[in-house]
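Trainee: Structure for this input, please:
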Amino acid sequence: MTTREPAGASSFAPSAIDSPTDPAAVVSASPGPDLRGRVAVVTGAAGGIGRACAERFHAAGAEVRLVDRDADGVAALAAAGVGTAFPVDLTDLDAAAEVARGADIVVNNAGVQTVAPIEEFPPDRFSLILRLMVEAPFRLVQAALPHMYARGWGRIVNISSVHGLRASAYKSAYVTAKHGLEGFSKVAAVEGAPHGVTSNCINPGYVRTPLVEHQIAEQARAHGIGEDEVVESVLLARTPLKRLIEPAEVAAMALYLCGPDASFVNGASLTIDGAWSAN
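Mentor: This is a model prediction of the structure:
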């Protein structure tokens, strides 16, 4: 009943997700800020959005701490020269705090998903999701703030979701966690502003990641439809722009939030959802 986000490529049928342009090519051509001398912590770095963020921040000159419980995944990324591997299970909250000490940038991205009706939702799974996706970001930011405040500069980028602004059936823990992350981000924005620290959420719709791919079977069971119907009938049903988002597009916005052009963007929830939340 549960799905997790391993490293790996998606196998969605091209007909469901093709777009007239290549988003990855568009964002890769965009210049980014100079982050030399900055330490960036990226959670869930072994795959999907986290990996894309790690690669973009490394390319901008940051020293990247690659945080993921997938030890092999972050080790491979580190071996490619992207950053330093920190194989950490973030549900160990003390370990989560330690990895963020001395960081200038914290990208809270790690997450898992479970799709089930409330009456069938495993209570221990509900607690784990909130611990990973709300409590761990709190501990990471709490540990990083003294360094950020001392330097008079810091950036907190919370990878939320359109589900931080809207709800969907059968995702009670995930929606609750993302709404909690939104609230925490705003408090961090208000408290951090006098110290040169900003905190923002990025709210993508469905991104082409293993986390999305691996919930297709659960969605099919929950909605009583075939797996081949899930992408168009469930995942993209409320999105006028009928394609999945590329991880590189989310990473580009994360990098933008750490650059000088975004110095006054604080406490915001920035949607990348193809107009889902406009409906």
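Trainee: can you give me the end-to-end distance of stretch 267-279?
Mentor: 23 Å (Cα to Cα, to the nearest Å).
Trainee: Buried residues, that stretch. List them.
Mentor: Neighbour-count burial for stretch 267-279 flags G267, A268, S269, L270, T271, I272, D273, G274, W276, S277 (criterion: 16 or more other Cβ atoms under 10 Å). All C-beta spots, glycine's among them, are computed from the backbone N, C-alpha and C.
Trainee: tell me the mean pLDDT over it?
Mentor: The average pLDDT for stretch 267-279 rounds to 91.
Trainee: So which bits of stretch 247-262 are buried?
Mentor: Buried residues in stretch 247-262, counting neighbours by 16+ other Cβ under 10 Å, are found at 247-259, 262.
Trainee: In the buried residues of stretch 267-279, find the pair that's most separated.
Mentor: Between any two of the buried residues of stretch 267-279, the greatest separation by Cβ to Cβ is 23.6 Å, found for G267 and G274.
Trainee: What distance do you get for T114 to F121?
Mentor: T114 sits 7 Å away from F121, going by Cβ to Cβ, to the nearest Å.
Trainee: okay, these two: which has more neighbours?
Mentor: Set side by side, T114 and F121 give different neighbour counts by other Cβ atoms under 10 Å, the larger being at T114 (21 against 18).
Trainee: in what helix or strand does V41 lie?
Mentor: When elements are assigned from DSSP states H and E, V41 belongs to strand 39-43.
Trainee: From what I see, H223 and V234 are in contact.
Mentor: Yes. The pair H223 / V234 is scored as a contact, 6.0 Å apart, by Cβ atoms under 8 Å.
Trainee: So the two - more neighbours on which side?
Mentor: More neighbours sit around V234 than around the other of H223 and V234, counting by other Cβ under 10 Å; the figures are 21 against 15.
Trainee: Tell me who's in contact with the more buried one.
Mentor: By Cβ atoms under 8 Å, 6 or more residues apart in numbering, the contact list for V234 reads Q219, H223, I225.
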